[in-house]
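Chemist: coordinates only, sequence not included:
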């Protein structure tokens, strides 16, 4: 499966207005979750150069039990956002998974912490992300088959146009890249 996504920086304080707009336009609030992401680099190739990512994510929902997932993200195939292969599975014991990765030579890169509130309408998911150290962002995403990437991108572009009232500023980099750059750290 492919995840097609656009990310944009939002002005501080725009989330209440955006939440109201989404509710008024048929988007259903899925919930809010605290996400704590640990990114790893491969022992034999540089994920920054290959534009891949390996992430161990801890999910702490507002209502419900905590869980963890591991995700591989392939290289980006989009000039305007993110369009990449995404493989993800649940992890029963994240501490053991972390030890497995480290025993295999995977190196922790940096953590990314955020609170995400998600809304859904049809196949579109809109996430309002408050990222520690970076501020507020909106992500518009759709999961699709590889052959449907162009159609998904067109749909996401149209949704972003509808949200122009919040004056989003498109961001092509990942949260990890933004945080590393802010801290002056190389991903290598």
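Modeler: Great, that's in hand. The model shown is predicted, which means the values in this text are computed figures rather than measured ones.

Chemist: pLDDT weak spots in the chain?
Modeler: The chain contains residues with pLDDT under 70 at 78-81, 186-188.

Chemist: Where is the longest helix in it?
Modeler: helix 149-162 (DSSP state H).

Chemist: Just the buried positions in that one, please.
Modeler: Neighbour counts over helix 149-162 (16 or more other Cβ atoms under 10 Å) mark 149, 152-153, 155-156, 159-160 as buried. Placement of C-beta: from N, CA and C, glycine included.

Chemist: which one is residue 18 nearest to, not counting chain neighbours?
Modeler: Spatial nearest neighbour of residue 18, excluding adjacent residues (Cβ to Cβ, 6 or more residues apart in numbering): residue 166 at 5.6 Å.

Chemist: May I ask you to confirm that that neighbour is in contact with residue 10?
Modeler: Yes - using Cβ atoms under 8 Å, residue 166 is in contact with residue 10, at 5.7 Å.

Chemist: for the protein, what spans make up the helices?
Modeler: 15-24, 47-50, 94-103, 149-162, 175-183.

Chemist: on that earlier part again, which neighbours do residue 166 and residue 10 have in common?
Modeler: The contact sets of residue 166 and residue 10 overlap at 18, 138 (Cβ atoms under 8 Å, 6 or more residues apart in numbering).

Chemist: So between those two, which is more surrounded?
Modeler: residue 10 (21 against 17; other Cβ atoms under 10 Å).

Chemist: For that one, list the residues it contacts.
Modeler: Residue 10 neighbours (Cβ under 8 Å, 6+ apart): 18, 128, 135-138, 166, 168.

Chemist: make it 7 Å
Modeler: 136-138, 166, 168 (Cβ atoms under 7 Å, 6 or more residues apart in numbering).

Chemist: Make CSV out of those and add distance to residue 2.
Modeler: Shown next, in CSV, are the contacts of residue 10 (distance: Cβ to Cβ, whole Å):
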residue, distance to residue 2
136, 26
137, 21
138, 20
166, 26
168, 22
